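A.B. asks: What would the 3D arrangement of this be:
(4 chains)
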Number of protein chains: 2
Amino acid sequence: MNIGKAAKLSNLTIKTVRYYANIGLVKPEQNTSSGYREYNDEEVAKLKFIGKARKFDFSIDECKELLSLYEDKNRTSKEVKKITLEKISQIDSKLNDLKDLRNELSFLASNCHGDDKPNCPILDELSKN
Amino acid sequence: MNIGKAAKLSNLTIKTVRYYANIGLVKPEQNTSSGYREYNDEEVAKLKFIGKARKFDFSIDECKELLSLYEDKNRTSKEVKKITLEKISQIDSKLNDLKDLRNELSFLASNCHGDDKPNCPILDELSKN
DNA sequence: TATATACTTTCCCCTTAGGGTAGAGTAAAG
DNA sequence: CTTTACTCTACCCTAAGGGGAAAGTATATA
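C.D. replies: Purely as a prediction, here's the structure:
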């Protein structure tokens, strides 16, 4: 099938599918006469796999790693779990940062009257030495 | 003072300070004979202000807005509070997304034995139709 | 004064993960 | 045979700078 159908089946944009071909993530055969990429079901399955992994916040490099584990019949579940736990830990760290940030901003906002007067604790804090 | 000192005083890198000059965020005088940028205390104060706002996750465009409010003696605290509350709401939305993601990944990981066998619910989920 | 060292300048490429568009070629339908 | 739909490559764009080259400027030392 052509790229349009592969994109539709995998719920990705054509641009994305072409990008994955260019970086060697999912490389289909290329019709020699037309130059069109030709996808088969297996490649569509990989595209779907990557699409899901991307939604789980895995980077392209991590997707590459997961995909190679996915294709390796001898891989252990230990290897996959390790990557997943690392991702969870990254997410936890991001969560903590965002929570701290939210607390500080929320504190500033609650101290700001938000009226028509110029006095503003938010700007005061930002301009503090 | 030259850019190196301004960077040191504002706890930013020279690259960053130069970038802010290029995009017109903090534009110092430029010595006509040497071509060196010349910062004064007020500009350093703005750099510090921006540095803090960036730490609070405000984008460059938002910093530009906050900076103009900061410089406007007639601005109301309402205007500043509005931007801050929007930022908080953006952060909340990011927090929710990350929490959902964490839950799903954590569920997958907890169902994965993580041993030397190939069976892996994580990959199963990623390759599900 | 000459030189060594430190500082600064502009310029260009690089990062993530594609998006947008142009111009040209190919395939399928009427 | 023409129109329409599809695909190709190639180029520039994103946010917020980082890295480094080549060249000019300023300052400290011999």
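
A.B. asks: quick one, helices of chain A?
C.D. replies: Per DSSP state H, chain A carries helices over the ranges A:3-10, A:14-22, A:41-55, A:60-71, A:77-111, A:121-126.

A.B. asks: Next up, the contacts around the residue of chain A most remote from its centre.
C.D. replies: In chain A, the residue that sits farthest from the middle, by CA atoms, centre = their mean, is A:Lys117; the gap is 43.4 Å. Contacts for A:Lys117 (CB atoms under 8 Å, 6 or more residues apart in numbering or on different chains) come out as B:Thr76, B:Ser77. For glycine as for every other residue, the C-beta is placed from the backbone atoms N, C-alpha and C.

A.B. asks: Okay, it and DNA strand D: tell me how far apart.
C.D. replies: For A:Lys117, the distance to DNA strand D equals 30 Å [CB to the nearest atom of the strand, to the nearest Å].

A.B. asks: Tell me the spacing between that residue and B:Glu71.
C.D. replies: Going from A:Lys117 to B:Glu71 by CB to CB, to the nearest Å gives 17 Å.

A.B. asks: Same question for A:Leu98.
C.D. replies: 29 Å.

A.B. asks: Specify which residue of the two has the higher count of neighbours.
C.D. replies: Between A:Leu98 and B:Glu71, A:Leu98 has the larger neighbour count (other CB atoms under 10 Å in any protein chain shown), namely 17 against 12.

A.B. asks: List the contacts of the more buried one.
C.D. replies: Per CB under 8 Å, 6+ apart, neighbours of A:Leu98: B:Ile91, B:Lys94, B:Leu95, B:Leu98.

A.B. asks: And for A:Glu62?
C.D. replies: A:Ala53, A:Ile83, A:Lys87.

A.B. asks: Just put the residues you listed in CSV and tack on neighbour count, distance to DNA strand D and pLDDT.
C.D. replies: Putting the contacts of A:Glu62 into CSV (neighbours: other CB atoms under 10 Å in any protein chain shown; distance: CB to the nearest atom of the strand, whole Å; pLDDT from 0 to 100) gives the following:
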residue, neighbour count, distance to DNA strand D, pLDDT
A:Ala53, 25, 21, 91
A:Ile83, 16, 24, 88
A:Lys87, 21, 21, 87
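
A.B. asks: Quick check: of the residues you listed, which lies closest to A:Ser110?
C.D. replies: Within the contacts of A:Glu62, proximity to A:Ser110 (CB to CB) peaks at A:Lys87, which comes in at 34.1 Å.

A.B. asks: could you list every residue that touches that closest one?
C.D. replies: A:Phe56, A:Asp57, A:Phe58, A:Glu62, B:Leu105.

A.B. asks: So which of these is the closest to DNA strand D?
C.D. replies: Minimum distance to DNA strand D across the contacts of A:Lys87 is 17.3 Å, recorded for A:Asp57 (CB to the nearest atom of the strand).

A.B. asks: Look up how far B:Val17 lies from that closest one.
C.D. replies: 33 Å.

A.B. asks: for A:Asn40, same thing?
C.D. replies: 53 Å.

A.B. asks: More neighbours: which of those two?
C.D. replies: Using other CB under 10 Å, the more surrounded residue of A:Asn40 and B:Val17 is B:Val17, with 26 against 11.

A.B. asks: Next up, the contacts around the residue nearest to that one when sequence neighbours are not counted.
C.D. replies: Using CB to CB, 6 or more residues apart in numbering or on different chains and skipping residues adjacent in sequence, the residue nearest B:Val17 is B:Ala7, 4.8 Å away. Residues near B:Ala7 by CB under 8 Å, 6+ apart: B:Thr13, B:Ile14, B:Thr16, B:Val17, B:Leu47.

A.B. asks: A:Leu66 too?
C.D. replies: A:Leu66 neighbours (CB under 8 Å, 6+ apart): A:Phe49, A:Ala53, A:Phe58, A:Val80, A:Ile83, B:Leu123, B:Leu126.
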